[in-house]
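Peer 1: I need the structure of the sequence given here:
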Amino acid sequence: MRVRINKKIGVALTLGLAASASFASLVKVAQTTAAPGACGDWNGYRTFVERFVQADGRVIDYSTPAQQTTSEGQSYALFFALVANDRATFDRLLGWIRTNLSGNQFDAQNMRLPSWQWGRKADGSYGVLDPNSASDSDLWIAYDLLQAGRLWHEAAYTQLGEALAAQIARQEMTTLPGVGPMLLPGPQGFKSGGVTRLNPSYLPLPVLRSLAHEMPNGPWGKLADSAYRFIKTTAPQGFAPDWAAWQNGQFVVDPKSGDTGSYDAIRVYLWAGLASPADPLAKPWLAALGGMRARVAQTGFPPEKVSSTTGAANGEGPLSYWAALAPYFKAFGDERGLGLARTHLAALDTNVPGREPVYYDRVLGLFGTGFIDGRYRFDEAGRLVPSWRNACD
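Peer 2: Numbers count the residues shown, from 1 in each chain. Presented below is the predicted three-dimensional model:
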């Protein structure tokens, strides 16, 4: 999430998902079978789509001067559309990625990693602002496609997801001696002078498990093990940092961002809370991040910023933090923490005249409330289990 507090994240369906005939049939099905919700409307999702998703499938963060769209925003919206069983919106989002972030090179045989940032340029025109890709977004898009292929019985999605995952493995991975494979934040700019910069929030365990299940010959299973070691080592006080680094054969404090954990790191707790309890890494992963739970129990709120090396904290986290922590508290069986989160998250259902909804609050809100309300979960293989799959079939 480069500057993640700001990097938050129609088109006729001409995505060219695979062969034209295959995609034509995909679009035809999408137009006739898209469902409005999961056997009961998901109001938070509908509000998000109405407020932040254009008719052409572009997700906009209005709080940024560039009115930016990020690959992260598109990837999360794809996930929410899948949870909501909203295939028409899913295809609009995917079409926008293909056309605008991948330069129409988003096919099973011709896959280009999406640019991470798009928006208004200095001259007033709109287009790609930074062509580098963001590996967390790419992972989520690949995951969304693979799960869409499975849940909606459409091979074209599966082929796209496999092609994207192959490019991630080829362009956004490195090997740390003595540790194993590790995900780089992007292809360019994260390895310099013997220092490799890394982002703990880029490694959701369920996503890695799913990729390992779908593509057992890839690096994904070993990456899950490497990721756990990374998370545990860089959170000595039970708090994840926004960024960390690898230097001289060990994980170290990031030379640029220091040891602060804030708007990036809050998602580390979220991903840990979403993991299936049946996953052998779920419990130790949670245990490595116990500092946040203890701090909230002590103070009644999550700190906006915390030192991962000393545990020193300051500020009070915004609503998005409570959204991210709700599944984390639920995974711990922490009823008090979960109750506090639910109380704060009730604000997501309240429209205050003159106050615009905050993008990041709404995005993490859908992850958090969707999970604790039972709209989705992940199984031990990382596969998405949406409520509509069981309740509506």
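Peer 1: just the strands in the stretch 151-300 of the chain please.
Peer 2: Assigned by DSSP state E, counting those that start in this stretch, the stretch 151-300 of the chain shows strands spanning 173-176, 180-183, 191-192, 195-198, 244-247, 250-253, 260-261.
Peer 1: Select, out of those, the one closest to residue 304.
Peer 2: strand 260-261 (9.8 Å; Cβ to Cβ). (Glycine included, C-beta is placed from N, CA and C.)
Peer 1: sorry, back to before: go through the strands of the stretch 151-300 of the chain and name the closest to residue 205.
Peer 2: Set against residue 205 and scored by Cβ to Cβ, the strands of the stretch 151-300 of the chain come closest in strand 180-183, at 12.5 Å.
Peer 1: and residue 79, that's in a helix?
Peer 2: Yes - membership of residue 79 in a helix is supported by DSSP: H, G, I helix; E, B strand; the rest coil.
Peer 1: can you count the residues close to it?
Peer 2: Neighbour count for residue 79, taken as other Cβ atoms under 10 Å: 24.
Peer 1: what's it in contact with, if anything?
Peer 2: Applying Cβ atoms under 8 Å, 6 or more residues apart in numbering to residue 79 gives the contacts 140, 143-144.
Peer 1: Looking at the residues you listed, which are in helices?
Peer 2: Mapping the contacts of residue 79 onto helices (DSSP state H) picks out 140, 143-144.
Peer 1: Tell me the one of these nearest residue 50?
Peer 2: residue 144 (20.7 Å).
Peer 1: Just the pLDDT for the closest residue to the closest one other than its chain neighbours.
Peer 2: Nearest residue to residue 144, sequence neighbours excluded (Cβ to Cβ, 6 or more residues apart in numbering): residue 78, at 4.1 Å. Listed pLDDT for residue 78 reads 98.
Peer 1: just residue 35 next, same as before
Peer 2: pLDDT, residue 35: 37.
Peer 1: With residue 26 instead?
Peer 2: Turning to residue 26, the model gives it a pLDDT of 44.
Peer 1: re the thing from before, JSON lines for the contacts of residue 79, including distance to residue 154?
Peer 2: Shown next, in JSON lines, are the contacts of residue 79 (distance: Cβ to Cβ, whole Å):
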{"residue": "140", "distance to residue 154": "18"}
{"residue": "143", "distance to residue 154": "15"}
{"residue": "144", "distance to residue 154": "12"}
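Peer 1: which of the ones in helices among the contacts of residue 79 are buried?
Peer 2: Neighbour counting with 16 or more other Cβ atoms under 10 Å marks 140, 143-144 as buried within these.
Peer 1: Could you single out the nearest of those residues to residue 224?
Peer 2: residue 143 (13.3 Å).
Peer 1: you'd agree that closest one is up against residue 205?
Peer 2: No - contact criterion Cβ atoms under 8 Å: residue 143 and residue 205 do not qualify, at 11.7 Å.
Peer 1: Quick check: neighbours shared by the two?
Peer 2: residue 382.
Peer 1: Now tabulate the contacts of residue 79 in CSV and tack on pLDDT.
Peer 2: Output for the contacts of residue 79, formatted as CSV (pLDDT from 0 to 100):
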residue, pLDDT
140, 98
143, 98
144, 98
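Peer 1: which one of these sits closest to residue 328?
Peer 2: So of these, ranked by how close each gets to residue 328 (Cβ to Cβ), first place is residue 140, at 18.7 Å.
Peer 1: Look up how far residue 294 lies from residue 85.
Peer 2: 38 Å (Cβ to Cβ, to the nearest Å).
Peer 1: In terms of neighbours, single out the busier of the two.
Peer 2: residue 85 (22 against 13).
Peer 1: quick one: the more buried one is in a strand?
Peer 2: No - if the criterion is three-state DSSP, then residue 85 is coil and not within a strand.
Peer 1: State the pLDDT value of it.
Peer 2: Reported pLDDT for residue 85: 97.
Peer 1: hang on, it packs against residue 386?
Peer 2: Yes - between residue 85 and residue 386 there is a contact at 6.8 Å, judged by Cβ under 8 Å.
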